[in-house]
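> could you look at this predicted model? Sequence included:
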Amino acid sequence: MRTILLPGVLLTVAVLSAGCDKSPTQPSNAPSPLNANLVVTGITDLGTFPGGDASAATGINDRGQVVGQASITSGAFGFHAALWTVTPTGVTVQDLGTLGGGGSEARGINARGQVAGAAEIASDLFHAAVWTVTPTGVTVQDLGTLGGRASGASSINGRGQVVGDSKTAESEIHAALWAVTPTGVTVQDLGTLGGDFASAKAINDRGQIVGSSTTASGASHAALWILAPIVP
């Protein structure tokens, strides 16, 4: 485990080893395991956008809202971020749009209806993005980069913290944390395990982040980033 001091945050990065000799202790208040004999009651085809012929879902929240991407025309390579809403009467799909370019994809959604992913701003150039879905419409926000040309978001927690990865000014790829507030967006480099690559894949409401990183020797390891406020 190593500790990295970043502005405003004490960041601890832990290497996760697959060779643990102890099983994790189950908390006394942990929920009971799911019944292994659960029966699948059905499978729902979520469909595509009108005129499209392909789609894929990548995230779902506790409200049953599903996000992913769908083709906008048959046989085309153009895909837009999509939001599916499943109700007892059927399925609706909503095009979340882009940042002005031709494509986008959604990868995660929280219970507040905030969607994280990536959207094209120019030809083959994507930035991390957050879509906010409300009953009155959808807004999309460019989260920017760590100084490089491209970035992408993979997950968003209930506090609106977003993680993913971004190119840096030195053309490395680092794990990134974005904080979206009413006053704007801040981005933070989460660093690596000594190598030139790291990518954050998920964040929980406690600010624990998981992903992968290369080490100084070039090996790729699972990694856990833990955020905590710095006490002045």
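Yep, that arrived.

> drop to CA atoms for contacts and neighbour counts, all remaining ones
OK.

> how about stretch 124-137: buried residues?
By 16 or more other C-alpha atoms under 10 Å, the buried positions in stretch 124-137 come out as Phe126, His127, Ala128, Ala129, Val130, Trp131, Thr132, Val133.

> strand partners (parallel or antiparallel) of the host helix or strand of the fifth one?
Secondary structure assigned from DSSP states H and E places Val130 in strand 125-134. Within its sheet, strand 125-134 is paired with strand 114-122 (antiparallel), strand 137-144 (antiparallel), according to DSSP bridges.

> using a markdown table, lay out these together with mean pLDDT.
Output for the strands paired with strand 125-134, formatted as a markdown table (pLDDT from 0 to 100):
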| stretch | mean pLDDT |
| --- | --- |
| strand 114-122 | 95 |
| strand 137-144 | 95 |
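
> residues contacting the nearest residue to Asn204 once chain neighbours are set aside?
Leaving aside its sequence neighbours, Asn204 sits nearest to Asn157 (C-alpha to C-alpha, 6 or more residues apart in numbering; 5.5 Å). Asn157 sits next to Ile109, Asn110, Ile203, Asn204, Asp205 when contact means C-alpha atoms under 8 Å, 6 or more residues apart in numbering.

> would TSV of these with neighbour count and secondary structure be doable?
Listed next are the contacts of Asn157 as TSV, based on neighbours: other C-alpha atoms under 10 Å; DSSP: H, G, I helix; E, B strand; the rest coil:
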residue	neighbour count	secondary structure
Ile109	30	strand
Asn110	20	coil
Ile203	24	strand
Asn204	15	coil
Asp205	12	coil
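
> farthest pair in those residues?
Using C-alpha to C-alpha, the two most remote members of the contacts of Asn157 are Ile109 and Asp205, lying 12.9 Å apart.

> beta partners of the nearest residue to Gln114 once chain neighbours are set aside?
Distances taken as C-alpha to C-alpha, 6+ apart put Thr132 closest to Gln114, at 4.6 Å, once the chain neighbours are dropped. Taking DSSP bridges, one finds Gln114, Thr139 as the beta-bridge partners of Thr132.

> list the residues that contact Thr132.
Residues in contact with Thr132, defined by C-alpha under 8 Å, 6+ apart, are Gly113, Gln114, Val115, Val138, Thr139, Val140.
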